[in-house]
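# Structural data only, the sequence is not supplied:
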């Protein structure tokens with residue numbers, strides 16, 4: 001929490017495909033009044049140019065606070081700086097591997113390491129498929145360390161009508177893990193009625 005009582009969330013965007021998930025996470029934070037602290041990796045800048053028409057400056061404008069990937073002395077590199085936790089969205093294999101080894105080379109992975117040591121939620125929206133055994137072992141190690149592995153998988157039971165709805169559902173469900181409830185999320189038993197008498 002900030003001095004003014006607002007929640008803070010660290011948002012990391014790595015170079016994996018799916019930068020739109022990170023963009024919508026920043027949008028969600030702004031809509032919910034959550035103070036977002038953004039780290040955009042160098043590889044993410046390349047992905048951004050390939051997948052969107054936005055510049056790094058336009059992405060930075062979506063966040064309340066922006067940290068350079070090379071600034072390992074930033075506030076979010078210290079456990080004494082209180083946050084709800086951190087989400088890396090999307091999370092590349094390189095990023096998850098650095099976090100798993102504890103050998104961090106940038107603020108992105110240093111902040112993730114701090115999140116784990118402070119026992120705060122670290123949500124990794126890993127974007128890779130198929131996964132080989134090395135990937136799976138790394139993911140297992142991360143889960144054992146306390147990270148939450150949350151690949152952005154579509155929830156077809158919501159009957160999405162657009163890619164935007166698919167993205168928003170995945171982002172919203174990830175934000176649920178921090179106790180943040182975002183308006184676009186469709187919830188089973190609330191917005192969606194269970195089917196009675198369906199076959200298993």
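Perfect, I can see it now. Quantities reported herein were computed from a predicted structural model and do not represent experimental measurements.
# Looking at the helix or strand harbouring residue 66 now, give me its mean pLDDT.
According to DSSP states H and E, residue 66 maps onto strand 65-67. Mean pLDDT, computed over strand 65-67, is 98.
# So in that sheet, which strands flank that strand, and in what orientation?
Sheet partners assigned to strand 65-67 using DSSP bridges are listed as strand 35-40 (parallel).
# Buried residues, the partner strand. List them.
35, 36, 37, 38, 39, 40 (16 or more other C-beta atoms under 10 Å). Where C-beta positions appear, they are placed from N, C-alpha and C, glycine not excepted.
# Now for residue 156, how many residues are close by?
Look at residue 156: counted by other C-beta atoms under 10 Å, it has 9 neighbours.
# if I pick it, what's in contact with it?
For residue 156, no contacting residues are found, by C-beta atoms under 8 Å, 6 or more residues apart in numbering.
# Try it again at 10 Å.
166, 169 (C-beta atoms under 10 Å, 6 or more residues apart in numbering).
# Equivalent analysis for residue 115, please.
Residue 115 touches 10, 12, 76, 79, 83-88, 99, 121-123, 146-147, counting by C-beta under 10 Å, 6+ apart.
# can you pull the pLDDT of residue 93?
For residue 93, pLDDT reads 97.
# same deal with the one 5 residues further on?
For residue 98, the pLDDT comes out at 97.
# So it belongs to a strand, correct?
No. Per DSSP: H, G, I helix; E, B strand; the rest coil, residue 98 lies outside any strand segment and is helix.
# Mind giving me the PyMOL select for the contacts of residue 115, buried ones only?
The buried residues among these can be selected in PyMOL (16+ other C-beta under 10 Å) with this line:
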select buried, resi 10+12+76+83+84+85+86+87+88+99+121+122+123+147
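# Of the contacts of residue 115, just say which sits nearest to residue 110.
Each of the contacts of residue 115 was scored against residue 110 by C-beta to C-beta, and residue 76 proved nearest at 8.4 Å.
# which phi and psi does the closest one have?
For residue 76, the backbone dihedrals (degrees, to the nearest 10) come out as phi -80, psi 0.
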